[in-house]
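Participant: generate a structure from the sequence data that follows.
(2 chains)
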2 protein chains.
Amino acid sequence: MRDHFEVRDGDAAGRIGRLSVPRADVTVETPALMPVVNPNIRTISPGRIESAFGAEILITNSYIVHSTDDLRERALEEGLNDLLGFDGPIVTDSGSFQLAEYGDIDVTTREILEFQRDIGADVGTPVDVPTPPDVSRERAERELATTERALSDAESVDTGEMLVNAPVQGSTYPELREAAGRNAYATDLDVFPVGAVVPLMNSYRYAEMIDVVAGTKRGLGRDAPVHLFGAGHPMMFALAVAAGCDLFDSAAYAIYARDDRYLTVRGTEHLEDIEYFPCSCAVCSAYDPDQLREQDDEERERLLAEHNLHVSFAEIRRIKQAIRSGNLLELVESRARSHPAMLDGYRALLDHADQLEREDPVSKGSFFYLSEDAARRPEVLRHHERIGRVDAGDRVLLTEGGKPSGDAYDAAWRVVPPFGPFPRALSETYPLTAEVPDRLDLAAYEAAADGVSRVVDANPDSSFVLAHGDWPESALECLPDSVELENLRSDEQFG
Amino acid sequence: MRDHFEVRDGDAAGRIGRLSVPRADVTVETPALMPVVNPNIRTISPGRIESAFGAEILITNSYIVHSTDDLRERALEEGLNDLLGFDGPIVTDSGSFQLAEYGDIDVTTREILEFQRDIGADVGTPVDVPTPPDVSRERAERELATTERALSDAESVDTGEMLVNAPVQGSTYPELREAAGRNAYATDLDVFPVGAVVPLMNSYRYAEMIDVVAGTKRGLGRDAPVHLFGAGHPMMFALAVAAGCDLFDSAAYAIYARDDRYLTVRGTEHLEDIEYFPCSCAVCSAYDPDQLREQDDEERERLLAEHNLHVSFAEIRRIKQAIRSGNLLELVESRARSHPAMLDGYRALLDHADQLEREDPVSKGSFFYLSEDAARRPEVLRHHERIGRVDAGDRVLLTEGGKPSGDAYDAAWRVVPPFGPFPRALSETYPLTAEVPDRLDLAAYEAAADGVSRVVDANPDSSFVLAHGDWPESALECLPDSVELENLRSDEQFG
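Facilitator: Numbering: from 1, shown residues only, chains lettered A, B, ... in the order given. Next up is the predicted model:
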């Protein structure tokens, strides 16, 4: 049991948690966005990132500090907090990125962890190997073995109160990610970055990103805080949180600003293509795009970075509020409609509905049916599994209308797409209080028909009548032949 | 031809326009949000609404001014601009709302229009009858006749340079709305409010709201500026703009604030239920929900009203940017995922795809396929109509793969769901450059099959081979029997 991470609320596989950071003597609420601070470049000062944006935790690269004489000496003398001008906890990366980019770095896991400890890092990182996507399985396994040796080395370092990252690699092989997750979880390390997903995100391969995260999560225990390493674009925060990620780091806010790129929850825009700022932040209220373009380079970059942080932190708050309200998947539905690749990501998430179902709370605030994809949500899956274990009686009416008069039936269950049938006593329980559109899609009826099949399969000796409100043919075809049909639209006897 | 409204850009039935307001000697860019200013209550001063939120135009109620001795005298003496402290154009309502609420008012259309003229209103309003939803057809027709007499009366008033509203009524009868629109358009009046939709919006009947707007739009010419009267909730702005609405008025920002309600583009939250502000505006960045709750009543109301205006104006800018980028329907897709009733609204909008198609630009920036609903978008409809008029040749390969080797075919067309087949020469034209998810839904394949049928129907003497990437059975069943099938996944000869 890892007692430095406490899950306080959840929705799908997303959660609000508290990460205790003993060295800083604070807890950080997750999901959390950790702005990346480059020790050499300060687009926005860390002090302002804390005061104006509410950042609780930052991340910086200890390898850059280590390789720069002046920074190294100051960091060892003053400590990282004073060097950066930030009071809260600071995570340090190890140079693994430089290793992946340049093929070689001049520190070992032991050296860099001891250095991180000595400069006062709150969460340190060993030197893992960020294996890119699409490599051969053999290479992925070989490099994963190296990463796992780094984790083992890290365990043997005296890191004091500093928490230590246990990166999970494995390229685009979900089963390697799962094995890597299991290995990382079995160490005594503390935080679990999903590594080397940046190339997937940069090429909009969100479905594969989700498969990688889902694989990793299968290997980890629920009390493992998960960091989606290198993920800083607000368009995918909700999807990643719903898959079980707790920590994000954003270099994007600054790097994109340098390049005149403007972040939104629906994607990235280039400043030169914007005529109207689609945002309510202080920057976008004070300036119009022409005015922003007229600023000198440094000021424009600073203002764009501030916008980028505003939109990123607002999305994190929106996600937390959605978890508290129990409508995180409704937010993901909306975000999935920003780009076809995000829709692929959402559809991939629903491929793992059984995995989500294991963590999803039994009762939440509301269930909104918002697309045909919602017919595959974990709540529907769970209802089907549960209802398939209920004893229904001998002769059962399943009806979208009212109760039948007389007592021709042992029971009269309600039917609501996409869930299907359930005893009336459950009518006021989640998710059967769902709000559904009047204009329902085929997927909702077909899922309801699947629910009917579950009940019929579970009660082989019972007979069933389904009184439906003119269901489409394709849904009726999904039903077992033994179910007798009544169309309520053509025959109002049950209305 | 109404030369005071110029359409400058469009997307679906939405447009960016310029409304010339001669009395104020300015043009107002639409879609525009007109904050409602109650002459007796100033939650936020009109001057601040202009300077901090960029409001170009306001709306107030001339009936309240007329019925309040002090206000009436000051308005006649100083003029409305000085009375309210706002330099830009001001629209005045007539008391029709009070008529609907209390059954009687003490002014005629002539009196109130002359008063509006005398106090310097820029857009005046006659006394129409806001017929509520669901009334008998007889009552709707009777009241519409009264409204139409008011329009006729208005035409006979000397209103000088003041523009005059021509409200369109007709309850929930789209064909009455269409007739009313046609009648209003035939007057010499200037701006066209769709009246009495507030009860529909308040009860989340967005599908019927869209049917009412679509009916009205069928009656009006394209050069008619349309005001969705009483619509101030940002969650439905994008949907309403896509249906062809140009002007909105928001009393919601202030009324909701009085009641501790917090607007978002995904619905309304009560302040007491919010733990994290899902917004990047200055208010939500400076305060957390606990801090806002601790403010005194007046300050809390003012801050909530400011948030409500920030989120509303940001959504208007977002919509304008979407029209400029040609992705307004993509924004509507996202907004449709805020509530099942909004999804009904979007599905109702797509029921009018033929009507949207007549105004939708032939070429836009991008087509993102974002849900099964997108298979019914006007761009897909238009492609199907166009491709059904193309001469295909004698023996034609329709293929999702590459070109065939050899010359067994007269032509080899590409096939892309949801559009279906098209000659390769069109590959780089809108919307065939669409981005589609890898995990396509049935609706996309079925729409593509519909495209195949159109081509086959148009070329009865040709023979067709469809080389498809393992289409689902239900899509293949939609095809004419004469089409020969090759599955590219099981037979790579065309790969």
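
Participant: all strands of the stretch 201-350 of chain A, in order?
Facilitator: A:226-228, A:247-250, A:261-264, A:267-270 (DSSP state E, counting those that start in this stretch).

Participant: how far off centre is the second one?
Facilitator: Spelled out, that is strand A:247-250. 12 Å (Cα atoms, centre = their mean, to the nearest Å).

Participant: that strand pairs with which strands?
Facilitator: strand A:32-35 (parallel), strand A:226-228 (parallel) (DSSP bridges).

Participant: out of those, which gets nearest to A:Asp153?
Facilitator: strand A:226-228 (19.8 Å; Cβ to Cβ). To be clear about C-beta, it is placed using only N, CA and C from the backbone, and glycine gets the same treatment.

Participant: who touches that closest one?
Facilitator: Strand A:226-228 is contacted from outside by A:165, A:191-194, A:197, A:213, A:216-217, A:220, A:240, A:244-249, using Cβ atoms under 8 Å, 6 or more residues apart in numbering or on different chains.

Participant: just stretch A:275-287 next, same as before
Facilitator: With Cβ under 8 Å, 6+ apart, stretch A:275-287 has contacts from A:262, A:264, A:288-289, A:292, A:295, A:303-304, A:306-307, A:310-311, A:314, B:52-54, B:279-282, B:285, B:310-311, B:313-314, B:317-318, B:320-322, B:324.

Participant: three-state assignment of A:Val164?
Facilitator: Counting by DSSP: H, G, I helix; E, B strand; the rest coil, the backbone at A:Val164 sits in strand.

Participant: for it, which non-adjacent residue is spatially closest?
Facilitator: A:Leu189 (4.7 Å; Cβ to Cβ, 6 or more residues apart in numbering or on different chains).

Participant: quick check: residues of the stretch 101-250 of chain A near chain B?
Facilitator: Contact residues (Cβ under 8 Å from any Cβ of the partner chain) of the stretch 101-250 of chain A with chain B: A:Ala207.

Participant: tell me the residue of the stretch 101-250 of chain A that sits nearest chain B?
Facilitator: Here the residue of the stretch 101-250 of chain A nearest chain B is A:Ala207; by Cβ to the nearest Cβ that distance is 6.6 Å.

Participant: coming back round to it: from what I can see the residue nearest to A:Val164 touches A:Leu151, true?
Facilitator: Yes - using Cβ atoms under 8 Å, A:Leu189 makes contact with A:Leu151 at a distance of 6.2 Å.

Participant: shared neighbours, the two?
Facilitator: A:Ala166.

Participant: give the rounded mean pLDDT of stretch A:105-121.
Facilitator: The average pLDDT for stretch A:105-121 rounds to 96.

Participant: and what of stretch A:314-321?
Facilitator: 98.

Participant: buried stuff in it?
Facilitator: Buried residues in stretch A:314-321, counted by 16 or more other Cβ atoms under 10 Å in any protein chain shown: A:314-321.

Participant: helices - which of the residues you listed land there?
Facilitator: A:314-321 (DSSP state H).

Participant: please enumerate the helices of the stretch 251-400 of chain A.
Facilitator: A:252-258, A:282-286, A:289-293, A:297-325, A:328-335, A:340-351, A:353-357, A:378-387 (DSSP state H, counting those that start in this stretch).

Participant: if we can go back for a sec, any chance of the strands of the stretch 201-350 of chain A in CSV, with mean neighbour count too?
Facilitator: Formatted as CSV, those follow (neighbours: other Cβ atoms under 10 Å in any protein chain shown):
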stretch, mean neighbour count
strand A:226-228, 27
strand A:247-250, 26
strand A:261-264, 22
strand A:267-270, 16
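
Participant: just put those strands in a markdown table and tack on mean pLDDT.
Facilitator: What follows is the strands of the stretch 201-350 of chain A, written out as a markdown table (pLDDT from 0 to 100):
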| stretch | mean pLDDT |
| --- | --- |
| strand A:226-228 | 98 |
| strand A:247-250 | 96 |
| strand A:261-264 | 98 |
| strand A:267-270 | 97 |
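
Participant: the ones in helices among the buried residues of stretch A:314-321: which ones sit near chain B?
Facilitator: A:314, A:317-318, A:320-321.

Participant: which one of the residues you listed is nearest B:Leu33?
Facilitator: After measuring these against B:Leu33 - Cβ to Cβ - the closest member comes out as A:Ala314, at 20.8 Å.

Participant: which non-adjacent residue is nearest that closest one?
Facilitator: Using Cβ to Cβ, 6+ apart, the nearest residue to A:Ala314 is B:Ser280, at 3.7 Å.

Participant: can you give me the neighbour number for that neighbour?
Facilitator: 30 (other Cβ atoms under 10 Å in any protein chain shown).

Participant: can you pull the pLDDT of it?
Facilitator: pLDDT recorded at B:Ser280 is 97.

Participant: against B:Arg266, how distant is it?
Facilitator: 14 Å (Cβ to Cβ, to the nearest Å).

Participant: same thing with A:Arg142?
Facilitator: Counting by Cβ to Cβ, the gap from A:Arg142 to B:Arg266 is 47 Å.

Participant: helix or strand right after the lowest-mean-pLDDT helix or strand in chain A?
Facilitator: In chain A, the helix or strand scored least confidently by mean pLDDT, DSSP states H and E is helix A:96-102, which has a mean of 82. Using DSSP states H and E, the helix or strand that follows helix A:96-102 towards the C-terminus is helix A:109-119.

Participant: how far does that following helix sit from the chain's center?
Facilitator: That offset, for helix A:109-119, works out to 30 Å (Cα atoms, centre = their mean).

Participant: for it, packing partners?
Facilitator: Helices and strands touching helix A:109-119, by 3 or more Cβ pairs under 8 Å, 6 or more residues apart in numbering or on different chains; DSSP states H and E, are helix A:62-67, helix A:69-78, strand A:123-124, helix A:137-155.

Participant: keeping just the C-alphas, turn that helix into PDB.
Facilitator: C-alpha atoms of helix A:109-119 as PDB (Å, rounded to 0.1, in the frame of the first residue of the first chain):
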ATOM      1  CA  THR A 109      20.800   6.900 -12.500                       C
ATOM      2  CA  ARG A 110      22.700   6.900  -9.300                       C
ATOM      3  CA  GLU A 111      24.500  10.100 -10.100                       C
ATOM      4  CA  ILE A 112      21.500  12.000 -11.200                       C
ATOM      5  CA  LEU A 113      19.300  10.800  -8.300                       C
ATOM      6  CA  GLU A 114      21.900  11.800  -5.800                       C
ATOM      7  CA  PHE A 115      22.300  15.200  -7.500                       C
ATOM      8  CA  GLN A 116      18.500  15.700  -7.500                       C
ATOM      9  CA  ARG A 117      18.400  14.800  -3.800                       C
ATOM     10  CA  ASP A 118      21.300  17.200  -3.100                       C
ATOM     11  CA  ILE A 119      19.600  20.200  -4.900                       C
END
